[in-house]
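> next comes the sequence, and after it the predicted model I'd like to discuss.
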Amino acid sequence: MPLDELMAITRLRQWSVDKIACRTPRVTHVHCRGWKVRNDRMHDARLVRVLDFERALSRLSQGEQIALVLTYRDRVTIRDLSRALEAEPHIAHRLVLTARRHLADILDRFDLL
């Protein structure tokens, strides 16, 4: 597998972790009034990474988006993916491969690899 596709997979997995982290609120030092720990830079950087990746992901076709998200975020097997797409397993596998290549190209163009 080419390096750019491996980087695309890494970005997919990082996106899924960052997306969950952006939705999870953190409460610290509840007993202190008027004082709040702010990790704005870390949170803002995570949010920017998520938005940039979603912008790149939106450039793919809907079928390619579904294939990548189900495969790498939800960890669905090719057999289950083929059932979800109502296609043969070899077609679903081919769709994941081409979607991964297209995503790697888009991420490279956006300078996100």
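Perfect, I can see it now.
> show me where pLDDT drops low in the protein?
The chain contains residues with pLDDT under 70 at 24-40.
> which of the three states applies to the closest residue to residue 89 other than its chain neighbours?
Once flanking residues are discounted, residue 89 sits nearest to residue 82: 4.4 Å by Cβ to Cβ, 6 or more residues apart in numbering. Yep, even glycine has a C-beta here, placed from its N, CA and C like the rest. The three-state label given to residue 82 by DSSP: H, G, I helix; E, B strand; the rest coil is helix.
> where do the helices of this protein begin and end?
Secondary structure of the chain (DSSP state H): helices at 3-23, 40-57, 62-68, 78-85, 89-109.
> quote the end-to-end distance of stretch 54-71.
Length of stretch 54-71, first residue to last, Cα to Cα, to the nearest Å: 16 Å.
> report the buried residues of it.
By 16 or more other Cβ atoms under 10 Å, the buried positions in stretch 54-71 come out as 56, 57, 60, 64, 65, 66, 67, 68, 69, 70, 71.
> of the residues you listed, which is the nearest to residue 98?
Nearest to residue 98, judged by Cβ to Cβ, of those is residue 64 at 7.1 Å.
> pull the contacting residues for the closest one.
Taking Cβ atoms under 8 Å, 6 or more residues apart in numbering as the criterion, residue 64 is in contact with 95, 98, 99, 102, 103.
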